[in-house]
Every structure is written in structure tokens, then in C-alpha cells.
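> Sequence isn't available, so here's the structure alone:
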């Protein structure tokens, strides 16, 4: 497919050069626009580094041995944690390594090569931006990112960045392997809920897949700001690759827990849509990204999102007299619009779809 990136036909976006935190100037000090009020700050000293999220070995899921045991481990992780790491997942180590390398190269390029893709419009499918939703936020977050769709691959790859050299080829290989992994996980999570293995894949419709490369520069004072504040994901499932720098934290048992990077592993977390389908049995858990004073950090989440016209509601088998529906049904488009009209804040969007029963 011929290239159609904005960088082909316009000069570097001066607004982007000024606003991107990776421009080499904005990250040199914590300016007022990044400083949170005292009660909103990370309080990094209170984070637990001793607790762990589960690690699930998918090897038996892939080759069929002990599949029931793996499904049980996934069920337990989804019920109790909403987050787990996976090993022996079938994605080649070289594919992961190349994707992380090209992601670093993207943010090490001269800022002009990224700024031509700069946009603050959440509906722009391929964009480089900063913070989360800069049009809505009073305080910015210490993060730049590249976001683009990954499915159907042959329809979208031509809109991706051409720089650095090899980006499209490397990201396409990674996206295809993640697609296979995500479908495998959707099947396993369906089974863990006691549903047929194709249930989530089917109700999500022609579901979308989008990749984000998060770049968190080193921060002179990490206690004053967030890379991303606490939130749950609005999608179905997220599969994240992180580099060797710690920064991801999960809210567990009333406190923030650091998710320490595990070599050759992915982090999997459930999105709000699976919490709805499971009628609250499986949880989309709040998580956040903090910064550090010495090293930039990169994470690469791949989001699996229902089609806009997909109808999301608690599965029939999740509802009975003892377990009435917790959420009303809706077309996913309604949820997506609500998500991008807000600042990133805890689970505020999901709560608006909760059914209120009389006392």
C-alpha cells in the first residue's frame, strides 16, 4: 500500500515540537503544568515492591497439555488480580526485541521527525501526542506516545510512520504475532468464564487492534507528576511489553504494587468490557505509570477493542436472581465516546454504565 502518513506532505508540526516532552527542553525541569496538587501525587515511597502479580505459563495452553490447569490459573488471576504476566506465549523473542529497539529509535530521532505526526484529536487514528487528552486536562502527564491501528494489517500499515527505517516491517511482524496471541487469550478467558471459547471473539465483532508506544522521559522530580495516573483500560484486553525499567503499578489490596519487568514476558490486563461481560466477576483493575529520575522508560501496550457497533452486556450465564446485571447493555461506540470525552481518572467512565437499584 502506498504511504499516506502526514510526514509525507507537511512540514514538522511546530505545535508538536513545542508541546512534546521528548523535545529535549520540556523534560529538563518539572514545569508548573506538570505538577499535581499534593493529594494527587504518586507517594512513591508507599508503593509495595514485595507483592507480585501472578505469572501464567501458556506453554500448556498452546500445545494442549494440562490446558485445564492453565485455564484455572487464568480464572484465578482474572478474579483476584485482573493483571497477570505470561511466559511461553508463542511470540518469538527476536520479534519482541526488534519491536522494542525500533520503538526506542522512534523516540531518539530528531523531534521534527515525530512532530509531523502530532495531533491532539483522539479520533486521529495515527498520531503522536503528549500526556493523555491534552484538550481536557488541567495538569499534563509526563508522557509522549505514538498510537496507530494494527488491524486489518494490510489496510493500515501504509499509514504508519516510515521513520526510523524498517519501522513498518518490524511493527507489522510484531502486530501479526500479537494478533494470534490476543485471540488465544480471548479464547482462554472465555473458557475461564465458563463460556464457549469463541464467545468474546464473537461478541466483539470485527474488533480493532491498536498499538501505543509510551515514552516516559527521566523526570527531575518523580514525586510531583505521573507518567499516567490511575485508570482502568476501556478496551477488552491489553497485552503490554515493557522494557527493563520499572514504572508500571497496579492497585491491589488497597495499595499500589510495582509490576517488576520480567524478561521475555508480556503483562496482560483485562479491560472494562470484560468486566461488563463477566458481570463484575472478572475485574479491570486500576493501574498507573510513574517516572524516575535517571532513566527513560518505554512500554508498548497492544489494545484489543470491540467494534463500534458491538453490543456489550453481561453474558446471560453471568446473570441470575442472586447476581442481577451490574451494568446496562450498550453499543461500544457509546462507551468509547464517553472515554475520550473525559480526563484519565480511575474507573469513572465504567461507573456511568452501572445499574442503580433501589435500596
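Thanks, I have the structure now. The structure presented is a predicted model; accordingly, all values stated were derived computationally and were not measured. Residues are numbered from 1 along each chain as shown.
> Quick one: mean pLDDT over stretch 48-67.
Mean per-residue pLDDT for stretch 48-67: 88.
> For the protein, name the helix or strand with the lowest mean pLDDT.
helix 59-63 (a mean of 81; mean pLDDT, DSSP states H and E).
> give me phi/psi at residue 267?
phi -100, psi 130 (degrees, to the nearest 10).
> Can you show me the strands along the stretch 101-250 of the chain?
127-130, 144-149, 208-216, 228-231, 237-242, 248-252 (DSSP state E, counting those that start in this stretch).
> Among those strands, which comes closest to residue 65?
strand 237-242 (22.9 Å; CB to CB). (Each C-beta comes from the backbone N, C-alpha and C, glycine too.)
> shaky segments in the stretch 1-150 of the chain?
Scanning the stretch 1-150 of the chain with the threshold set as pLDDT under 70 gives 1-12, 63.
> Quick check: phi and psi at residue 273.
Taking degrees, to the nearest 10, you get phi -70, psi -30 for the backbone angles of residue 273.
> Am I right that it is in contact with residue 332?
Yes. At 7.1 Å, residue 273 and residue 332 qualify as touching, with contact defined as CB atoms under 8 Å.
> what sits in contact with each of those two?
305-306, 312 (CB atoms under 8 Å, 6 or more residues apart in numbering).
> Can you classify residue 280 as helix, strand or coil?
Under DSSP: H, G, I helix; E, B strand; the rest coil, residue 280 falls in the coil class.
> Identify the residue spatially nearest to it, adjacent ones excluded.
Leaving aside its sequence neighbours, residue 280 sits nearest to residue 326 (CB to CB, 6 or more residues apart in numbering; 4.6 Å).
> Return the residues in contact with that neighbour.
Taking CB under 8 Å, 6+ apart, one finds 276, 279-280, 314, 354-355 in contact with residue 326.
> same deal with residue 336?
By CB under 8 Å, 6+ apart, the contact list for residue 336 reads 234, 305, 308.
> residues contacting residue 15?
Here residue 15 is in contact with 115, 118 (criterion: CB under 8 Å, 6+ apart).
> in what helix or strand does it lie?
Using DSSP states H and E, residue 15 sits within helix 14-19.
> Across the sheet, point out what pairs with residue 209.
residue 304 (DSSP bridges).
> Report the buried members of the shared contacts of residue 273 and residue 332.
305-306, 312 (16 or more other CB atoms under 10 Å).
> Serialize these to a markdown table and add fields for distance to residue 298 and pLDDT.
Formatted as a markdown table, these follow (distance: CB to CB, whole Å; pLDDT from 0 to 100):
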| residue | distance to residue 298 | pLDDT |
| --- | --- | --- |
| 305 | 22 | 97 |
| 306 | 27 | 98 |
| 312 | 31 | 98 |
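> Distance to residue 20 added to the residues you listed, as TSV?
What follows is those, written out as TSV (distance: CB to CB, whole Å):
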residue	distance to residue 20
305	25
306	31
312	34
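> can you tell me which of the residues you listed lies nearest to residue 104?
Taking CB to CB as the measure, residue 104 lies nearest residue 305 of these, at 25.8 Å.
> Surely the closest one touches residue 335?
No. Checked against CB under 8 Å, the pair residue 305 and residue 335 is beyond contact range at 9.8 Å.
> Overlap in contacts, these two.
234, 273.
> Off-centre distance for the helix holding residue 15?
Put simply, helix 14-19 sits 25 Å off its chain's centre (CA atoms, centre = their mean, to the nearest Å).
> tell me which residues of it are tucked away?
Here helix 14-19 shows 16-17, 19 as buried, counting by 16+ other CB under 10 Å.
> Which elements pack onto the next helix or strand after that helix?
For helix 14-19, the succeeding helix or strand toward the C-terminus, using DSSP H and E, is strand 55-57. Using 3 or more CB pairs under 8 Å, 6 or more residues apart in numbering; DSSP states H and E as the contact test, the elements touching strand 55-57 are helix 67-80, strand 83-87.
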